[in-house]
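Asker: got a predicted structure plus its sequence, pasted below:
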Amino acid sequence: MKVIIRRPRREVEILGSRRVRDLLRELQINPETVLVVRGQDLLTPDEVVKDDETVEVVSAISGGSDDEM
Amino acid sequence: MKCKTCAAKAVIETRRHNAAFCTGCFCTHVERQVQKTVDTEKMLSKDDRILVAVSGGKDSFTLWEALHRLGYSTTGYHIVLGIGDYSPLAREKVEAYAKGQGLPLIITDLKEEYDFGIPELALHTPRVPCSACGLSKRYVMNRTALEEGFTVLATGHNLDDAASTLLGNLLHWQTEQLGRMRPAMEATHAKLVKTVKPLIRLTERETLAYTMLRGIDYHEDECPNAVGATSLLYKDILNQLEHASPGVKQSFYLGFLKKGRTAFAAHSDGITLKECEVCGQATTTETCAFCRMMEQARRRAASRNP
């Protein structure tokens, strides 16, 4: 499968099918910080991504301003 | 995975709620979380004229969309910061959303209005870009809200922002800031507008999901100045804790509001506000920090380009 990781953008090829939770573990990405998307669909951790599919890992984390809370 | 509410196929799992949701039920869940925050903290009424700060990112679009859907009277407010390719795209996204929704929008271009964008302020003053940006945004948001007759200013700070700010303030024992940390800040001076943060029960991951599921075309890029920001380190650490112990970010921040903040309240009491001798906005000093920064930028720019 092809995994597109956004921000910073990089592409990873992984052989075989994986559940989303296993995919993130393998890529050492904390699932609390991202959403995994296939086409227009958000994927839950139990979803299987097949070998011939492409998914994107979208980062949810932003920051930088010193705005007061 | 099945939706906890309707048993349809889920699209997102939220471990801290021990739940998963389908698209419709998740969007309803997000809007209910916003309403709960608004009600609990007495943030807004349906009579308020609300100015919503909109950067073009996922958080501010979530805020605007949710408040609008909940029936509040909202006007968007976008500040053009003048940051490379980042700012024009942000403006484009905000204008497109406002037009698509038929919602009113006010725009202030820092460089047009005040002669300097964020890159110039960082160049001509000792402030780093994020510091110049934060100060500029707080100043022009409050000033615009006052001048345009809005009763409340709403910003899209989320649970991750709040928890990471709390961690930073605790690590450095910023007692005055700890005393001031509250999601609804009443106007304590005639030149201040009430400010509210209705997203503090939502994580960044949840605002991202809401924005995507509502089909909103948001500005995905991170501000180039944010790279390496300390707040990102704190967020990363808190998310490692969250992964090991779901719900810990929420209990950390909401627990502080409930049990911890009052211990620091005395440190932020007794601050006397007056009007800035230059611009008339509220400040603790003779000249407000924004006017001092602008004066410094003007002097240094003039000396560099005589």
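Answerer: Good, I have the coordinates.

Asker: where does pLDDT dip in chain B?
Answerer: B:306 (pLDDT under 70).

Asker: if I pick the residue nearest in space to the middle of chain A, what's in contact with it?
Answerer: A centroid search over chain A (Cα atoms, centre = their mean) returns A:V57, at 2.5 Å, as the residue closest to the centre. With contact set as Cβ atoms under 8 Å, 6 or more residues apart in numbering or on different chains, A:V57 has these partners: A:3-6, A:24, A:27, A:29, A:34-37. C-beta: built from backbone N, CA, C; applies to glycine.

Asker: so A:N30 makes contact with B:N239?
Answerer: Yes - with contact defined as Cβ atoms under 8 Å, A:N30 counts as touching B:N239 (5.4 Å).

Asker: out of these two, which sits in the busier spot?
Answerer: Comparing A:N30 with B:N239 by neighbour count (other Cβ atoms under 10 Å in any protein chain shown), the higher total belongs to B:N239, at 25 against 15.

Asker: in what helix or strand does that one lie?
Answerer: Assessed by DSSP states H and E, B:N239 sits inside helix B:230-244.

Asker: what does A:V57 give?
Answerer: With DSSP H and E as the test, A:V57 turns up in strand A:54-59.

Asker: also B:L51?
Answerer: Using DSSP H and E, B:L51 sits within strand B:49-53.

Asker: swap in B:V38?
Answerer: helix B:23-40.

Asker: packing partners for that helix?
Answerer: Applying 3 or more Cβ pairs under 8 Å, 6 or more residues apart in numbering or on different chains; DSSP states H and E, we find helix B:23-40 packed against helix B:58-69, helix B:204-213.

Asker: so what's the residue count around the residue of the stretch 101-250 of chain B found nearest chain A?
Answerer: Per Cβ to the nearest Cβ, B:A226 is where the stretch 101-250 of chain B lies closest to chain A, at 2.7 Å. Residues lying near B:A226 (other Cβ under 10 Å) number 17.

Asker: can you give me the helices for the stretch 201-306 of chain B?
Answerer: Under the criterion DSSP state H, counting those that start in this stretch, helices of the stretch 201-306 of chain B are mapped to B:204-213, B:230-244, B:248-255, B:262-268, B:289-304.

Asker: go through those helices and name the closest to B:L70.
Answerer: Within these, the stretch nearest B:L70 is helix B:204-213; the backing value is 13.1 Å (Cβ to Cβ).

Asker: now the helices and strands packed on helix B:23-40 as JSON lines including distance to chain A?
Answerer: Shown next, in JSON lines, are the helices and strands packed on helix B:23-40 (distance: least, Cβ to the nearest Cβ, whole Å):
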{"stretch": "helix B:58-69", "distance to chain A": "8"}
{"stretch": "helix B:204-213", "distance to chain A": "4"}
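
Asker: and these as a markdown table, adding mean neighbour count?
Answerer: Formatted as a markdown table, the helices and strands packed on helix B:23-40 follow (neighbours: other Cβ atoms under 10 Å in any protein chain shown):
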| stretch | mean neighbour count |
| --- | --- |
| helix B:58-69 | 24 |
| helix B:204-213 | 25 |
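
Asker: right, is stretch A:21-30 up against chain B?
Answerer: Yes - judged by Cβ under 8 Å from any Cβ of the partner chain, stretch A:21-30 comes into contact with chain B through A:N30.

Asker: may I see the buried residues of that stretch?
Answerer: For stretch A:21-30, a neighbour-count test (16 or more other Cβ atoms under 10 Å in any protein chain shown) marks A:21, A:23-24, A:29 as buried.

Asker: possible to save these as JSON lines with pLDDT and secondary structure?
Answerer: Output for these, formatted as JSON lines (pLDDT from 0 to 100; DSSP: H, G, I helix; E, B strand; the rest coil):
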{"residue": "A:R21", "pLDDT": "97", "secondary structure": "helix"}
{"residue": "A:L23", "pLDDT": "97", "secondary structure": "helix"}
{"residue": "A:L24", "pLDDT": "97", "secondary structure": "helix"}
{"residue": "A:I29", "pLDDT": "96", "secondary structure": "coil"}
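
Asker: the helices in the stretch 51-200 of chain B, which residues?
Answerer: Ranges of helices in the stretch 51-200 of chain B, per DSSP H, counting those that start in this stretch, are B:58-69, B:86-101, B:110-114, B:118-124, B:129-147, B:159-171, B:175-180.

Asker: run through who's touching the fifth one.
Answerer: Spelled out, that is helix B:129-147. Outside helix B:129-147, the residues that touch it by Cβ under 8 Å, 6+ apart are A:64-68, B:51, B:53, B:77, B:79, B:81, B:83, B:106, B:108, B:110, B:113-114, B:118-119, B:121-122, B:125, B:127, B:152-153, B:155, B:191-193, B:195, B:225-226, B:229, B:279, B:281-282, B:288-290, B:293.

Asker: of the residues you listed, grab the buried ones for ChimeraX.
Answerer: In ChimeraX, a selection of the buried entries from these looks like this (16+ other Cβ under 10 Å):
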select /A:64,65,66,67 /B:51,53,77,79,81,83,106,108,110,114,118,119,121,122,125,127,152,153,155,191,192,193,195,225,226,229,279,281,282,288,290,293
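
Asker: before we move on, the earlier item: for the helix holding B:N239, name the packing helices and strands.
Answerer: Packing partners of helix B:230-244 (3+ Cβ pairs under 8 Å, 6+ apart): helix B:159-171, helix B:248-255.

Asker: could you redo the last one with a cut-off of 10 Å?
Answerer: Applying 3 or more Cβ pairs under 10 Å, 6 or more residues apart in numbering or on different chains; DSSP states H and E, one finds that helix B:230-244 contacts helix B:159-171, helix B:204-213, helix B:248-255.
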